[in-house]
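In: sequence and predicted model, in that order:
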Amino acid sequence: MTIYCPTCNNSSDRVMFIGEFCEECTIKKLRKLIPEVVEVYFCRICGRVRAGQEYYEASNKAIAAAIDDYLHDYGLKNVRTGVESINDSTGMAVLRLHFNIEGAKVAFEKEVRLKRLHRTCDRCLKERSGYFEATVQLRGDPDKIEKTLERMSKFLARYNAFVTKVDRTENGIDIYTSDKKATSQFFASRKLKPKVSYVLSGLKRNRRVYKHVYLLRFDIREKEERTAE
Ligand SMILES: [Zn+2]
Ligand SMILES: [Zn+2]
């Protein structure tokens, strides 16, 4: 059965239809629904982008997820966004918008203005306030100590954690880290067995909260035995 588009009168013998409208008219209607400006939150310190409740490195994929959030809040529920390109000097972004209309898939491109709003992410807030959950005391062989600090910093970054502060003392260094779980996973991953103690640091929802203190010595004999590099 041939149907005719109510808007442009094209027939279903000649063009694709999505529901009762031709594909072209459907895209025209959908294109108008997409706002000219989309707002995305970035961390003013680390530059990561917020999607959902988390912050991610600001790749096009993460920015697309942030735009999805904006469009969903805007009332467009059946759309998924891809970012084709972003022009940083003009602030314009070319999006590819994928709609699902009654089971039929329609996609088209639209250029919008990407409005950057700024917040401070949790990680940067903690970093700024000197927040720490664990202290790592490294003693002994200075080379081992420096290598361990470097590896620990890299390891923690992968778990969204960080080194808050490093104090250099006469016989080693004290490292303050933001996440005790990630810190103990670091030791486990390198098969290191520090001495652990716990210091009461306060109450959180009426439960005692402890900071972890790890003490690790690298002496010369251990250095030769531990070839686990
Ligand atoms: Zn039409
Ligand atoms: Zn940040």
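Out: Good, I have the coordinates. Residues are numbered from 1 along each chain as shown. Ligands and ions are numbered 1, 2, ... in the order given.
In: list the contacts of the helix ranked longest in the chain.
Out: Ranked by residue count under DSSP state H, the longest helix found in the chain is helix 142-158. Contact with helix 142-158 is made by 136, 138-139, 162-163, 166, 172-173, 175, 177-179, 182-183, 185-186, 189-190, 192, 216, 218, 223, as judged by CB atoms under 8 Å, 6 or more residues apart in numbering. (Each C-beta comes from the backbone N, C-alpha and C, glycine too.)
In: among the residues you listed, name the buried ones.
Out: Neighbour-count burial within these applies to 136, 138-139, 162-163, 172-173, 175, 177-179, 182-183, 185-186, 216, 218; the criterion is 16 or more other CB atoms under 10 Å.
In: mind listing which of those are in helices?
Out: Members of these lying in helices (criterion: DSSP H): 182-183, 185-186.
In: list the buried residues of the longest helix of the chain.
Out: Buried residues in helix 142-158 (16+ other CB under 10 Å): 144-145, 148-149, 152-153, 155-156.
In: what packs against the helix or strand harbouring C25?
Out: Using DSSP states H and E, C25 falls within helix 23-33. Judged by 3 or more CB pairs under 8 Å, 6 or more residues apart in numbering; DSSP states H and E, helix 23-33 is in contact with strand 92-101, strand 104-119.
In: got the residues of the protein near ligand 2?
Out: Residues of the chain lying near ligand 2 by CB under 5 Å from the ion: 43, 45-46, 121, 124.
In: turn these into CSV, including pLDDT and secondary structure.
Out: Shown next, in CSV, are the residues of the chain next to ligand 2 (pLDDT from 0 to 100; DSSP: H, G, I helix; E, B strand; the rest coil):
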residue, pLDDT, secondary structure
C43, 94, strand
I45, 91, coil
C46, 92, coil
C121, 93, coil
C124, 90, helix
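In: got a winner among these for most neighbours?
Out: Across the residues of the chain next to ligand 2, neighbour numbers were computed from other CB atoms under 10 Å; C121 holds the maximum, 22 neighbours.
In: quick one, what contacts that residue?
Out: Taking CB under 8 Å, 6+ apart, we find C121 in contact with 43, 45-46, 48, 50, 55.
In: next one: stretch 122-137 to chain centre, how far?
Out: Computed by CA atoms, centre = their mean, to the nearest Å, the chain-centroid distance of stretch 122-137 equals 18 Å.
In: need the contact partners of it.
Out: 43, 45-46, 55, 120, 152, 160-162, 164-165, 172-180, 183-184, 194, 211-216.
In: and for stretch 107-116?
Out: 27, 30-31, 34-40, 42, 63, 84, 86, 91-99.
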